[in-house]
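Engineer: no letters, just coordinates:
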């Protein structure tokens, strides 16, 4: 198997991985540990070992990840391996420092739903930042990246499957209520990770079949300032040649698009599907190819 393309190691990525690791460690300690919630993945395994034997997660996290370091280097390449080392060691260091020196005590046991939501958001944001900058914190993070690369699974989906079995094992030191709140935290975290992975510039893609395709395309160009693409197709039932209009619009433009199409051809066939990330003119650049700033 050919080695993967090697991306250059960037200081900016390393800084963001350190920030993401801090957010991840902060969430684990202040919302999971302090409120007696479990966690999924290898982090959940370290919490099980802490609950049963008192082992420090900052140490067991490193011990569990040593075998996966070699897998990461062989399959994901040198750059990801280095980022993974940074993410894994920085999480352990951050966790040890926070557990020893943090003066905060965020006790939310009277509202465990809130504790689970905070845990999921902090863990999801922390891991999302790490993933978006090419790193992992080891463990299931590595497995998730491998399943995404070779099987097309979303990172959040891999987390959910693995985390389910870890949380079941967490019942050895937690009761069923804590396990259920943990499932909520894991679900929120997985959705936050997927949201951060899928991109900020989301939209909708429309495929339009109509005999008045030229008029519809002209209307989209003139009134919505969006480009269209004509795809050559063939009717499966009729066997006739036809063209399909393809256009990507922002989510808040869907109603305008449907109204425009129906005003030209009430019998037009329209399908819509989600586009998780859109880059290029009209979304991240204007017509003069100048970057559009987010507002």
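Structural biologist: Received the coordinates, thanks. It should be emphasised that the depicted structure is a prediction, and the values quoted were computed from it without experimental measurement.
Engineer: which other helices and strands does the strand or helix carrying residue 90 contact?
Structural biologist: Assigning secondary structure by DSSP states H and E places residue 90 in helix 57-101. With contacts taken as 3 or more C-beta pairs under 8 Å, 6 or more residues apart in numbering; DSSP states H and E, helix 57-101 sits against helix 11-27, helix 41-53, helix 140-151. In this view, the C-beta of every residue, glycine as well, is placed from N, C-alpha and C.
Engineer: go through those helices and find the least confident stretch.
Structural biologist: Mean pLDDT is lowest for helix 140-151 out of those, coming in at a mean of 77.
Engineer: does the most centrally placed residue in the chain sit in a helix or strand, and which one?
Structural biologist: With distances taken as C-alpha atoms, centre = their mean, the residue of the chain nearest its centroid is residue 194 (2.4 Å). Element membership of residue 194, judged by DSSP H and E, is helix 176-198.
Engineer: whichever helix or strand comes after that helix: which residues count as buried?
Structural biologist: Later in the chain than helix 176-198, the nearest helix or strand by DSSP H and E is strand 203-209. Across strand 203-209, burial judged by 16 or more other C-beta atoms under 10 Å covers 203, 204, 206, 207, 208, 209.
Engineer: any idea how far the residue nearest to the centre of the chain is from residue 158?
Structural biologist: Applying C-beta to C-beta, to the nearest Å, the value for residue 194 to residue 158 is 11 Å.
Engineer: now swap in residue 181 and tell me
Structural biologist: The value you get for residue 181 to residue 158, if C-beta to C-beta is used, is 22 Å.
Engineer: now swap in residue 219 and tell me
Structural biologist: Look at residue 219 and residue 158: by C-beta to C-beta, they are 43 Å apart.
Engineer: out of these two, which sits in the busier spot?
Structural biologist: Per other C-beta atoms under 10 Å, whichever of residue 219 and residue 158 has more neighbours is residue 158, with 21 against 17.
Engineer: output the longest strand belonging to the protein.
Structural biologist: strand 241-249 (DSSP state E).
Engineer: neighbouring strands of that one in the sheet, and parallel or not?
Structural biologist: strand 203-209 (antiparallel), strand 229-234 (antiparallel) (DSSP bridges).
Engineer: quick check: buried residues in it?
Structural biologist: Within strand 241-249, the residues scored as buried using 16+ other C-beta under 10 Å are 243, 244, 245, 247, 248, 249.
Engineer: out of these, the closest to residue 143 would be?
Structural biologist: residue 248 (32.8 Å; C-beta to C-beta).
Engineer: just checking, the closest one touches residue 207?
Structural biologist: No. Using C-beta atoms under 8 Å, residue 248 makes no contact with residue 207, being 10.6 Å away.
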